[in-house]
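A.B. asks: Got a predicted model here, sequence first, then my questions.
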Amino acid sequence: MLDTFSMVKEISVMEQRYQAVLEGLANRSHKPKSIPHQMPAHVEATVLELRREHRAWGPRRLVYERLKRGVEPVPSETGVYRALKRAGLIEPGGRCRRDSWRKMYHLGVRAENAHKRVLMLIDDSTVSVTELTTGEVLSQHLIDPNQNYWPDKLKPAGRWPGTSERNRI
């Protein structure tokens, strides 16, 4: 038979366990306490400084420049990309080659419209470029059916340069 002191002690222990369970169920951050494979802070700072000096350089070029200058340790391209993304110096998934921007330049997609999502509405004779989120018309262009829009003016229009008959669908 349990005496009163033992019962009070047992209830106290059960109450402490219950409180511990409630604290364990509380909302907590899922952020890890440390990330051992993350690049050191001084390396990240130099990479970000280099990127701010040369805005057109991507992760591959930044790694190459660190290799060329003999700076150790050299981070991976993925690590540099993640650092740029954390610092807000790169748009995730917003990669666009320089020649693509040249092709879009005459359609009104210029540097001031960089990283905006655009919608191109192509009709029989017009191309309208609008910003996807606001619907603002960035530019409108007429398509002249008599003009040759083929990129290589020296070759006859047909297949894209560099493709063969076998690659055609």
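C.D. replies: Nice, I can see it.
A.B. asks: Doesn't Q140 lie inside a strand?
C.D. replies: Yes - counting by DSSP: H, G, I helix; E, B strand; the rest coil, Q140 is part of a strand.
A.B. asks: contacting residues for it?
C.D. replies: T126, V127, S128, V129 (Cβ atoms under 8 Å, 6 or more residues apart in numbering). For the C-beta atoms, the positions are set from N, CA and C on the backbone; glycine is no exception.
A.B. asks: The first one touches L142, doesn't it?
C.D. replies: So the one you mean is T126. Yes - T126 lies in contact with L142 (Cβ atoms under 8 Å); the separation is 5.8 Å.
A.B. asks: Mind jotting down where the strands sit in the chain?
C.D. replies: 118-122, 126-131, 137-142 (DSSP state E).
A.B. asks: Tell me which other helices or strands the longest helix anywhere in the chain touches.
C.D. replies: Taking DSSP state H as the criterion, the chain has its longest helix at helix 4-24. For helix 4-24, there is no helix or strand it packs on, judged by 3 or more Cβ pairs under 8 Å, 6 or more residues apart in numbering; DSSP states H and E.
A.B. asks: Show the average pLDDT along it.
C.D. replies: Taken as a whole, helix 4-24 has a mean pLDDT of 78.
A.B. asks: Using CSV, write out every CA atom in it.
C.D. replies: Provided in CSV are the C-alpha atoms of helix 4-24 (Å, rounded to 0.1, in the frame of the first residue of the first chain):
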residue,chain,number,x,y,z
THR,A,4,0.6,9.7,1.0
PHE,A,5,4.1,10.9,0.5
SER,A,6,4.8,8.4,-2.2
MET,A,7,1.5,9.3,-4.0
VAL,A,8,2.4,13.0,-4.0
LYS,A,9,5.8,12.3,-5.3
GLU,A,10,4.5,10.0,-8.0
ILE,A,11,1.9,12.7,-9.0
SER,A,12,4.7,15.3,-9.1
VAL,A,13,6.9,13.1,-11.3
MET,A,14,3.9,12.5,-13.7
GLU,A,15,3.1,16.2,-13.8
GLN,A,16,6.8,17.0,-14.7
ARG,A,17,6.7,14.4,-17.5
TYR,A,18,3.5,15.8,-18.8
GLN,A,19,4.9,19.4,-18.9
ALA,A,20,8.0,18.0,-20.7
VAL,A,21,5.7,16.4,-23.3
LEU,A,22,3.8,19.7,-23.8
GLU,A,23,7.1,21.6,-24.2
GLY,A,24,8.2,19.0,-26.8
